[in-house]
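In: just to be clear, the model below is a prediction. Sequence and coordinates:
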Protein chains: 2
Amino acid sequence: MATQRGRTGKGNGKANPAEDEAVYQAILHALLEGKLKAGTKLAEPPLADIFGVSRERIRKVLHRLGAERRLEMIPNRGARVPRPTLDDVRSVYEAHRVLEAGVLTQLVRHVDDALIERLNAHLAEERAAATRGDRAASVRLSGAFHVHLVEALGNAELSRFLADLLSRSSVMVSVYEPATDSICAVDEHGAIVEALRARDVARAIAVSREHFLHVESRLHLDDDTTPAAEDLTVVFGAVKPKRRKAR
Amino acid sequence: MATQRGRTGKGNGKANPAEDEAVYQAILHALLEGKLKAGTKLAEPPLADIFGVSRERIRKVLHRLGAERRLEMIPNRGARVPRPTLDDVRSVYEAHRVLEAGVLTQLVRHVDDALIERLNAHLAEERAAATRGDRAASVRLSGAFHVHLVEALGNAELSRFLADLLSRSSVMVSVYEPATDSICAVDEHGAIVEALRARDVARAIAVSREHFLHVESRLHLDDDTTPAAEDLTVVFGAVKPKRRKAR
DNA sequence: CTCGCAGAAAATGTGCACATTTTTTGGAGG
DNA sequence: CCTCCAAAAAATGTGCACATTTTCTGCGAG
């Protein structure tokens, strides 16, 4: 009865954009969180089952994620979590590095005390998280630092591009995990702010560059390439278990 | 007979990805070419009629273009050609400027004679088009110059971002047409190459910056804001007139 | 035991029939 | 002549029933 199968089941096309968004967010979140391992197949029927929505709903979301290049869509063969190569990862880091060089170049023209103050406040947060040993917060704040830099320019296009790069690299760390030990070097962030305060473009760029190369160097290839079969019901554990399949 | 309307028309789900692509390309092309004025409503039924495909096909393409932010999608209200504000345009130009600063910074580390030679060859083409008075070619080559620069880095992410910016600004010129007179200053491109050859980062960036500001300054607001109602059959004139409506 | 290959099962792709908005139309009243 | 409002018309959104394609399965030949 759960889904009224009686009759020919004429469409009752009731609009519910929030539901689309919920499914989208759930899958995206699982993706960014690294809960979905690279190579995992995302089939429509099981997902529709798990979220308790129609298959069309799932289909639309999957295609959207594909258009955003967060999923790999193959015609007639469905969606898979992409398995980035090491070169892909380097490409993303390099892009971030190049972008930040441009951002810093532009930023030194607009630095003011207020900006420096805001950045320093952020650095304080980072240090607090580091000494606290809160790794999750450290990772998050580390990325947020670069977001702060680009957002200081107030350019929506650039901000969006950076957000795209960050989300993509955050997925990648789950494949090429950058060593769980020491955290992203808050001091390097501090050095960037210091160079900015001094209006020293060359130094800011140099420090930023070193920072990225440092992070990049920590990447190591996990050649075990786990076949990565996964149980989706576990990943999206009890999100909206309207219906289930017995089998 | 063209589209077998007899029977209840049960789904004949024959896959034809090429058709999707054709419709997508047709609309995208019209958009980039500036044939679709800002604010134009793109309704599904007429488009389906013009291209001779099902409405679902059109719908999918429209949503895809919306996801790429080339069309403005409003829930329950369909797709419209976006009407960028002057600030939007400036934002795109600024993003391009900032990005190129980063690209040049990175590029001076990898310049070699072969690259300089390629760029000079391109400049020769630009000059030829300019003296020939071929405005269309000039505009195209002017954009291609910047593409050459970023592609010299061989970074797919950066190339994609630039392509995105360029395609967006090309749409915008149809709204804020940057004076049909003198062309994009080939000399400024030449100065960038010259600075690259000399490995002079600061100068390259400065020249590039001036170049963009120069182009930006030519933008002028067309406040006439044409109501822009348009006949789609004219825009997509006889692309695939399988069926037509009499009315 | 491996390989190959039908047949079955499952998954993806598409048109269509509606439900739900939104937009247009046509007067009635001020 | 303009404004407001209800009914009609048109457009968008959604589930579903298929067709098509891919993947899985079982079994027999080498």
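Out: Done, it's in. Numbering: from 1, shown residues only, chains lettered A, B, ... in the order given.
In: what is the end-to-end distance of stretch A:189-206?
Out: 12 Å (C-alpha to C-alpha, to the nearest Å).
In: just the buried residues of that stretch, please?
Out: A:189-197, A:201, A:203-206 (16 or more other C-beta atoms under 10 Å in any protein chain shown). (Glycine included, C-beta is placed from N, CA and C.)
In: what do you get for stretch A:98-117?
Out: A:98-108, A:111, A:115.
In: what's the span of it from first residue to last?
Out: First residue to last in stretch A:98-117 (C-alpha to C-alpha) measures 25 Å.
In: nearest to DNA strand D, of the buried residues of stretch A:98-117?
Out: A:Leu99 (33.9 Å; C-beta to the nearest atom of the strand).
In: OK, contacts around that closest one?
Out: A:150, A:158, A:161-162, A:165, B:98-99, B:102, B:158 (C-beta atoms under 8 Å, 6 or more residues apart in numbering or on different chains).
In: which element, helix or strand, includes it?
Out: helix A:86-107 (DSSP states H and E).
In: what angle sits between that helix and helix B:86-107?
Out: 120 degrees (axes from the mean of the first three to the mean of the last three C-alpha atoms, to 10 degrees).
In: avg pLDDT for helix A:86-107?
Out: Per-residue pLDDT over helix A:86-107 has a mean of 95.
In: skip ahead from that helix and say which helix or strand is next.
Out: helix A:113-132.
In: what segments of chain A are helices?
Out: Secondary structure of chain A, counting by DSSP state H: helices at A:17-32, A:44-51, A:55-67, A:86-107, A:113-132, A:135-151, A:156-172, A:186-197, A:201-217, A:232-235.
In: can you tell me how far the nearest residue to A:Ala38 once chain neighbours are set aside sits from chain B?
Out: Computed as C-beta to C-beta, 6 or more residues apart in numbering or on different chains, the closest residue to A:Ala38 that is not its neighbour in sequence is A:Arg83, at 4.0 Å. Separation of A:Arg83 from chain B (C-beta to the nearest C-beta, to the nearest Å) stands at 16 Å.
In: so who does A:Leu62 touch?
Out: So A:Leu62 contacts A:27, A:42, A:44, A:47, A:71, A:73, A:78-79 (C-beta under 8 Å, 6+ apart).
In: model confidence for it, exactly?
Out: In this model, A:Leu62 carries a pLDDT of 98.
In: about what we covered before: list just the nearest of the buried residues of stretch A:189-206 to B:Arg218.
Out: Nearest to B:Arg218 among the buried residues of stretch A:189-206, counting by C-beta to C-beta, is A:Val201 at 27.6 Å.
In: that closest one against A:Gln106, yeah?
Out: No - judged on C-beta atoms under 8 Å, A:Val201 makes no contact with A:Gln106 at a distance of 9.6 Å.
In: now distance to DNA strand D too, for the helices of chain A, in CSV please.
Out: Below are the helices of chain A laid out as CSV (distance: least, C-beta to the nearest atom of the strand, whole Å):
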stretch, distance to DNA strand D
helix A:17-32, 6
helix A:44-51, 9
helix A:55-67, 4
helix A:86-107, 22
helix A:113-132, 39
helix A:135-151, 31
helix A:156-172, 23
helix A:186-197, 43
helix A:201-217, 34
helix A:232-235, 15
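In: how is chain A carved up into domains?
Out: A:17-83+A:226-235, A:86-217 (automatic domain parsing).
In: can you report how many residues neighbour the nearest residue to A:Pro45 once chain neighbours are set aside?
Out: In space, and not counting its chain neighbours, A:Pro45 is closest to A:Arg55: 6.4 Å by C-beta to C-beta, 6+ apart. Using other C-beta atoms under 10 Å in any protein chain shown, A:Arg55 has 13 neighbouring residues.
In: and A:Arg55, what does it touch?
Out: Contacts of A:Arg55 by C-beta under 8 Å, 6+ apart are A:44-45, A:48.
In: A:His63: which of these is nearest?
Out: A:Glu44 (10.4 Å).
In: ok, now which ones touch the residue nearest the centre of chain A?
Out: Residue closest to the average C-alpha location in chain A (C-alpha atoms, centre = their mean): A:Ser167, at 2.3 Å. Applying C-beta under 8 Å, 6+ apart, we find A:Ser167 in contact with A:32, A:70.
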